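Enquirer: The amino acid sequence is not available; the structure is as follows:
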């Protein structure tokens, strides 16, 4: 009797397991046309890219680190950078296809929530004892930061920074955690932590042109799919998601 | 069996050989004179020296107490002391921010004294001391436990006080074991990365240690990153050789079962 129960349980388990397997295989087959791509993308795209394509594998980081990794032969299918310089640099080395500008952004200053230090504009950062963080030179947001400060005649703030971070999200987290008083990030990064930090704008005249460009990596095993992925960033659906996250339209 | 050994050895050695194979020795040396390298070297040595002094100063009595006293909760304390050893560096980083950061558990008290640790050189020292002290303490406990208690008892009956006994009998007998533990702690601290970049940030000449500089230069100049890596390989290798020699000289029972290889 007991044996029979056991046998029935075993059979049931087998049936369930095999049907699960079949379902998984079927699901796999239906995706066959679209290979799973590996996308190297700027840290500022961390929240929005998975909304545009949840299936891709992402590696987010400073665009300059990702470019260095692609140069060292790490297997990426798509490279999405927070500037146009890096993808064009790879393009000239024959490593990627022609870069496509797909969105833009602007720089802001994030400050502690509730503004306990009463910072009102970028010039207040000159005050003694204000801990500033920014990204290092070479990281796109770090270069933009230097450009803005130069235009405002505040280049000395670069030397005042207490840390030079390797990507924009590390700048953001130093302010979110309260270890720094102010950090230079993109408006979209500030939006991801709305309510936990304050945001200070920068004069429009000092804003750099922050253009995002993507390209397919030529050594990709799925080059066609990678090129299509880059083009997908220009579709209305992708652009709507970008806009919702605070990214700006491609300037004409 | 031999094939497996050959594969394992090749696997462990190849990345190290590759560091030296990619650029000529002359170029490696030339890269080492760049300011980003020399600044990082100074920061690394300075923070390591302070951190290791703290480790020795606080770790030695702790280890001696744990090795010689039997009390309730002792094993639990030993586990606590060893915990940072197995913690992922990222967890250590989060923990340090949560404890000593401006909004951390002790943040307010520290702030009251005008002390802000985050993103300062002191934060590097704390991170290095935190991740490397367990290696030293662990080894020190094993060393103190290996000392013949009769010698300590003899010293006491001959009229030496506990302090005198410790400095004149225990310490000389255990100096090789302690040196070995300290070498390991130093090597581990020198390689500290995760907790440092999270808690101390990265600023050339202030908080940017060699590993952090390697990470930054990887994005900028791969050759410089290689050169600094080569430097760390040489230093770590030298430490390991020194450690082996120290332990070989040791006449008492081997302590190598307590040795851990430094990780990131």
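Expert: Here it is on my side, so go on. Fair warning: this is a prediction, and the values are worked out from it, not measured in the lab.

Enquirer: Next up, the contacts around the closest residue to chain B within the stretch 151-252 of chain A.
Expert: Nearest residue of the stretch 151-252 of chain A to chain B (Cβ to the nearest Cβ) works out as residue A:163 at 2.8 Å. All C-beta atoms are positioned from the backbone trio N, CA, C, and that covers glycine. Contact analysis of residue A:163 by Cβ atoms under 8 Å, 6 or more residues apart in numbering or on different chains lists A:133, A:174, A:180, B:119, B:200-203, B:207.

Enquirer: how much space between it and residue B:21?
Expert: Using Cβ to Cβ, to the nearest Å, we find residue A:163 at a distance of 34 Å from residue B:21.

Enquirer: ok, now residue B:183?
Expert: Distance from residue B:183 to residue B:21, by Cβ to Cβ: 28 Å.

Enquirer: Run through the residues of chain A sitting next to chain B.
Expert: A:62, A:64-65, A:67-68, A:72, A:131, A:133, A:136, A:138-139, A:161-166, A:170, A:174, A:177-180 (Cβ under 8 Å from any Cβ of the partner chain).

Enquirer: repeat that for 10 Å
Expert: Within chain A, the positions near chain B by Cβ under 10 Å from any Cβ of the partner chain are A:61-69, A:71-72, A:112, A:129, A:131, A:133, A:136-139, A:161-167, A:170-171, A:173-174, A:176-181.

Enquirer: In helices, which of those appear?
Expert: A:63-69, A:71, A:170-171, A:173-174, A:176 (DSSP state H).

Enquirer: Highest neighbour count among these?
Expert: Compared across these, residue A:171 has the highest neighbour count, 33 neighbours, by other Cβ atoms under 10 Å in any protein chain shown.

Enquirer: For residue B:100, the count of nearby residues, please.
Expert: 22.

Enquirer: Need the phi and psi values for the closest residue to residue A:203 other than its chain neighbours.
Expert: Leaving aside its chain neighbours, residue A:203 sits nearest to residue A:152 (7.0 Å; criterion: Cβ to Cβ, 6 or more residues apart in numbering or on different chains). With angles defined as degrees, to the nearest 10, residue A:152 sits at phi -90, psi 0.

Enquirer: what number of residues lie near residue A:152?
Expert: Using other Cβ under 10 Å, residue A:152 has 16 other residues around it.

Enquirer: if I pick it, what's in contact with it?
Expert: By Cβ atoms under 10 Å, 6 or more residues apart in numbering or on different chains, residue A:152 lies in contact with A:121-123, A:202-203, A:205-206.

Enquirer: near chain A, which residues of the stretch 151-264 of chain B?
Expert: B:197-204, B:206-208, B:212, B:215-222, B:225.

Enquirer: at 8 Å instead, please
Expert: Counting by Cβ under 8 Å from any Cβ, the residues of the stretch 151-264 of chain B close to chain A are B:197, B:199-204, B:206-208, B:215-216, B:218-220, B:222.

Enquirer: Quick one, which of the residues you listed are buried?
Expert: B:197, B:199-204, B:206-208, B:215-216, B:218-220 (16 or more other Cβ atoms under 10 Å in any protein chain shown).

Enquirer: Farthest-apart pair in the residues you listed, please.
Expert: B:199 and B:220 (23.4 Å; Cβ to Cβ).

Enquirer: so residue A:58 sits in a strand?
Expert: Yes: assessed with DSSP: H, G, I helix; E, B strand; the rest coil, residue A:58 lies in a strand.

Enquirer: And for the closest residue to it other than its chain neighbours, the neighbour number?
Expert: In this structure, residue A:58 finds its nearest non-sequential neighbour in residue A:39, 5.3 Å apart by Cβ to Cβ, 6+ apart. As a burial measure, residue A:39 scores 25 neighbours (other Cβ under 10 Å).

Enquirer: so what's residue A:80 scoring on pLDDT?
Expert: Residue A:80 carries a pLDDT value of 98.

Enquirer: The one helix or strand it maps to packs against which elements?
Expert: Here residue A:80, judged by DSSP states H and E, is contained in strand A:78-81. The contact analysis (3 or more Cβ pairs under 8 Å, 6 or more residues apart in numbering or on different chains; DSSP states H and E) places strand A:78-81 against strand A:38-42, helix A:63-71, helix A:85-92, strand A:210-216, helix A:223-232.

Enquirer: Need the residues that contact that strand.
Expert: Under the criterion Cβ under 8 Å, 6+ apart, residues A:37-42, A:45, A:49, A:56, A:63, A:66-67, A:70, A:86-87, A:90, A:96, A:99, A:102, A:140, A:212-217, A:220, A:226, A:229-230, A:233 lie in contact with strand A:78-81.

Enquirer: Give the partner strands of it in its sheet and their orientations.
Expert: strand A:38-42 (parallel), strand A:210-216 (antiparallel) (DSSP bridges).

Enquirer: The first one to helix A:85-92, inter-axis angle?
Expert: Translated: strand A:38-42. Strand A:38-42 and helix A:85-92 are oriented at 140 degrees to each other (axes from the mean of the first three to the mean of the last three Cα atoms, to 10 degrees).

Enquirer: Now do strand A:38-42 and helix A:168-176, the angle between them.
Expert: Using the same axes, to 10 degrees: strand A:38-42 against helix A:168-176 is 50 degrees.

Enquirer: Run a quick neighbour tally on residue 51.
Expert: Because you didn't say which chain, this covers chain A. 12.

Enquirer: think we crossed wires, I meant chain B
Expert: Residues lying near residue B:51 (other Cβ under 10 Å) number 25.

Enquirer: And for residue B:221?
Expert: 16.

Enquirer: go on, residue B:105?
Expert: Residues lying near residue B:105 (other Cβ under 10 Å) number 11.

Enquirer: With adjacent residues omitted, what lies nearest to residue B:99?
Expert: Residue nearest to residue B:99 in three dimensions, not counting chain neighbours: residue B:105, with 5.2 Å by Cβ to Cβ, 6+ apart.

Enquirer: what about that neighbour, which SS state?
Expert: Residue B:105 carries the three-state label coil when classified by three-state DSSP.

Enquirer: So it is in contact with residue B:95, correct?
Expert: No: assessed by Cβ atoms under 8 Å, residue B:105 is found out of contact with residue B:95, at 10.1 Å.

Enquirer: picking up where we left off before, and the furthest pair within the contacts of residue A:152?
Expert: Using Cβ to Cβ, the contacts of residue A:152 span at most 14.2 Å, a distance reached by A:123 and A:205.

Enquirer: neighbour count winner among the two?
Expert: Neighbour tally, residue A:123 and residue A:205, criterion other Cβ under 10 Å: the higher count belongs to residue A:123, 12 against 7.

Enquirer: What sits closest to the more buried one if chain neighbours are left out?
Expert: Computed as Cβ to Cβ, 6+ apart, the closest residue to residue A:123 that is not its neighbour in sequence is residue A:154, at 7.2 Å.

Enquirer: Quick one: neighbours of that neighbour, just the number.
Expert: Close neighbours of residue A:154, defined as other Cβ under 10 Å, add up to 16.

Enquirer: how about low-confidence regions in the chain?
Expert: Let's take chain A. Where chain A drops to pLDDT under 70, the residues are A:1-33.

Enquirer: wrong one, chain B
Expert: Using pLDDT under 70, the flagged stretches of chain B are B:249-264.
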